[in-house]
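S.K.: Turn this into a model:
(2 chains)
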Amino acid sequence: MYEKDGQKYFVVDSHMHYWNAGPDNWVPGAEQYAKGWIECFHAYQGLGPESTHWPIEKFMSYTEDDLMKDVFQDGYVDIAIFQPTYLTEWYKEGFNTTEKNAALGAKHPGKFIANTRWDPRDGDDGLKKLAENVDRYGSIGVKLYTAEWNNGSRGWTLKDPAAYRYLEKCQELGIRNIHVHKGPTIWPLDKDAFDVSDVDHAATDFPELNFIVEHVGLPRIEDFCFMATQEPNVYAGLSVVIGGLMHARPRFFAKVMGELLFWVGEDKMTFGSDYGIWEPKWQIEGFVDWDYPGEEFDDYPRVTVATKKKILGLNAAKLYGIEVPEEYRLGAGEGAPAARDDAVGVNPGSPAASLG
Amino acid sequence: MTATTGSRILAALAEVRDPELDEPITTLGFVASASLDSDGTASVHLRLPTYFCAPNFAYLMVADAYDSVSALDEVRRAEVVLDDHFAADAINDGVAARAGFAHSFSGEAVGELDELRANFLGKSVLAGTDVVCRPLVAAGATPADLAAATLGDLPRSAALDRLRRRRRELGLPSGDSSPLLLSSDGSPLEEDAVPLHLRKARLTRTSLDANTSICRGMLRHRYDTDGIGESS
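M.R.: Numbering: from 1, shown residues only, chains lettered A, B, ... in the order given. Predicted structure coming up:
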């Protein structure tokens, strides 16, 4: 929890990692990709405050002790949600697998939620593995990478019939939250790899599932926002938005937040530190202190303490069924976290009908 | 290489834009070096913010730089090399052989990049529309005023010239009598569609600017020297 000016914030870090990207885990013959990948992540860390930068050696292989200190002891996080990233073509044991995450979670009961993943190209074996992971780790969320390379396939979309089989399986297994990586990617090479239109289709056809678009489609925020306004079950995952812009480019951060608050709404935005790219401490402290830096932002929605409470934890807590102690909850009239009807396009009194 | 020739090569490279960010590769800091040998061989090295920047956009920039520099009279042969990128070999060899994108990434790509380029030009037009319209709205223009306005009604400005060029490139009307606001299919915009159109235009510009700022930050982390033509 975080406390400032008499306000108490319950913090859910809904997008973080525990990876091993050290040379000991590089696949022989793919070393340049394994190295290039982690160096690329490391450059993102450079967008945070200088005092929080790590040497590349630590960044490749931070320890359990580092994580527990940075996220929970210093970082105010109450519950952290692991999002796995496999990348087994480059990293021998995977970059950040469900198993590795869950093993750490098992040592610290009540601190972590271990999400799992699936890839529709894995067919029946993948469906079986998904059921096993849900059974073993209690996962109620998954992280998906539609642009991932797989045995000659140039990525997939949520519209594929094979993906629909998995989404149906998710519903059957009790998985509620589908985190989709729509952010910086590599493949497919010849198309725009950031296309979010597939989320639109799946969200319409699976209204019981929540679709959290991680990194808000960066660098295609506009495509994401236009889509999200039409789908009540689409959410904005703020990983990279706060970490990558709030410190490095405060004015652009204000504009991006203003746009997200306008198009998507404060009930549907979730904080994720993207640890170990960025430590949560400075992001949470900075976000609680944050407001628009001047009059030119006046026609964006206002930001209140309740806005920040929802974004930092209450929205994600609702999506994951996390019990929030009474003292952190919103008062009467402060809104309903994760409410589905708070987007421009699904709100009958749409503010988009005026010039603002 | 004479100073004049150097500035001509730089000017040729300044014509090349990152199609995603809609900025010249020179001012973005993507030109690591540029030179011309006495035998007429131009040698250009490009660099990008990360090892994994999207290869489709990277290919377009390398190919455009090759075409732009090759077109100079004093250049007999051009070598454009992308440095420090996971797909550098495929891109450099493909551009040098004028092989086209799909051939350069045989088996990994099926199409050329014209559609991608057009899609991003459309975003540039929308973002440019915000730049041009925001001062008008601030000065009190109503949706009816904006729906009725033509490009010729606006005072000349660099932003307006740029918007006209982008519209021309995309095959949209760009003359004085052309409507200021166009819907995505190129038809004039109705008055009641103006507010949402402008909201979308502002969002598109915000997205582009945020993206550019992240790319600049990443490039600065990766290279601690200015690119050629970056500061001009």
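S.K.: And the contacts of the helix or strand that contains A:A34?
M.R.: A:A34 is part of helix A:31-45 when elements are defined by DSSP states H and E. Residues outside helix A:31-45 that contact it (C-beta atoms under 8 Å, 6 or more residues apart in numbering or on different chains): A:21, A:23, A:25-27, A:52-54, A:56, A:59-60, A:87, A:89-91, A:95, A:240, A:243-244, A:274, A:277-278, B:49-52, B:86, B:218, B:221-222. C-beta: built from backbone N, CA, C; applies to glycine.
S.K.: pretty sure A:G105 is touching A:P84, no?
M.R.: No: using C-beta atoms under 8 Å, A:G105 makes no contact with A:P84, being 11.7 Å away.
S.K.: neighbour count winner among those two?
M.R.: Neighbour count, other C-beta atoms under 10 Å in any protein chain shown: between A:G105 and A:P84, A:P84 has more, with 26 against 19.
S.K.: Would you quantify the distance from that one to chain B?
M.R.: 19 Å (C-beta to the nearest C-beta, to the nearest Å).
S.K.: Between the two ends of stretch A:6-23, how far is it?
M.R.: 46 Å (C-alpha to C-alpha, to the nearest Å).
S.K.: again but with stretch B:183-193, I slipped
M.R.: Per C-alpha to C-alpha, stretch B:183-193 runs 9 Å from first to last residue.
S.K.: tell me which residues of that stretch are tucked away?
M.R.: Neighbour counts over stretch B:183-193 (16 or more other C-beta atoms under 10 Å in any protein chain shown) mark B:L189 as buried.
S.K.: contacts for that stretch?
M.R.: Stretch B:183-193 is contacted from outside by B:G122, B:P143, B:A144, B:A147, B:L172, B:P173, B:P179, B:L181, B:L182, B:H197, using C-beta under 8 Å, 6+ apart.
S.K.: Out of the residues you listed, which end up buried?
M.R.: B:G122, B:P143, B:A147, B:L172, B:P179, B:L181, B:L182, B:H197.
S.K.: just checking, the second one touches B:R199?
M.R.: No: at 11.7 Å, B:P143 does not count as touching B:R199 under the criterion of C-beta under 8 Å.
S.K.: ok, back up a step: please convert the buried members of the contacts of helix A:31-45 into PyMOL selection syntax.
M.R.: If you want just the buried ones from the contacts of helix A:31-45 in PyMOL, going by 16+ other C-beta under 10 Å, the selection is:
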select buried, (chain A and resi 21+25+26+53+59+60+87+90+91+95+240+243+244+274+277+278) or (chain B and resi 49+50+51+52+86+218+221+222)
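S.K.: The closest residue to A:L87 other than its chain neighbours and chain B, how far apart?
M.R.: In this structure, A:L87 finds its nearest non-sequential neighbour in A:F95, 4.1 Å apart by C-beta to C-beta, 6 or more residues apart in numbering or on different chains. The spacing between A:F95 and chain B, counted by C-beta to the nearest C-beta, is 14 Å.
S.K.: doesn't A:G22 make contact with A:F95?
M.R.: No: counting by C-beta under 8 Å, A:F95 sits too far from A:G22 to count as a contact (11.0 Å).
S.K.: which sections of chain B are below the confidence cut-off?
M.R.: B:1-5, B:106-112, B:232 (pLDDT under 70).
S.K.: Any residue of the top helix by length along it touching chain A?
M.R.: Counting residues, the longest helix found in chain B (DSSP state H) is helix B:194-222. Yes: against chain A, helix B:194-222 shows contacts by C-beta under 8 Å from any C-beta of the partner chain at B:194-196, B:198-200, B:202-204, B:206-207, B:209-211, B:213-214, B:217-218, B:220-222.
S.K.: so that helix versus helix A:31-45, what angle?
M.R.: For helix B:194-222 against helix A:31-45, the angle by axes from the mean of the first three to the mean of the last three C-alpha atoms, to 10 degrees is 120 degrees.
S.K.: Against which helices or strands is helix B:194-222 packed?
M.R.: With contacts taken as 3 or more C-beta pairs under 8 Å, 6 or more residues apart in numbering or on different chains; DSSP states H and E, helix B:194-222 sits against helix A:31-45, helix A:221-228, helix A:250-263, helix B:114-138, helix B:143-148.
S.K.: Looking at those, which is nearest to B:A14?
M.R.: helix B:114-138 (16.7 Å; C-beta to C-beta).
S.K.: all strands of the stretch 201-350 of chain A, in order?
M.R.: Per DSSP state E, counting those that start in this stretch, the stretch 201-350 of chain A carries strands over the ranges A:210-214, A:234-237, A:269-270.
S.K.: in the stretch 201-350 of chain A, which segments are predicted with low confidence?
M.R.: Scanning the stretch 201-350 of chain A for pLDDT under 70 picks out A:342-350.
S.K.: Which residues of it lie near chain B?
M.R.: Within the stretch 201-350 of chain A, the residues that sit near chain B (C-beta under 8 Å from any C-beta) are A:218-222, A:225-226, A:244-245, A:248-249, A:252-253, A:255-256, A:259, A:262-263.
S.K.: Please apply the same query to the stretch 1-150 of chain A.
M.R.: Listed as neighbours of chain B in the stretch 1-150 of chain A under the rule C-beta under 8 Å from any C-beta: A:Q32, A:Y33, A:G36, A:W37, A:E39, A:C40, A:A43, A:Y44, A:G46, A:L47.
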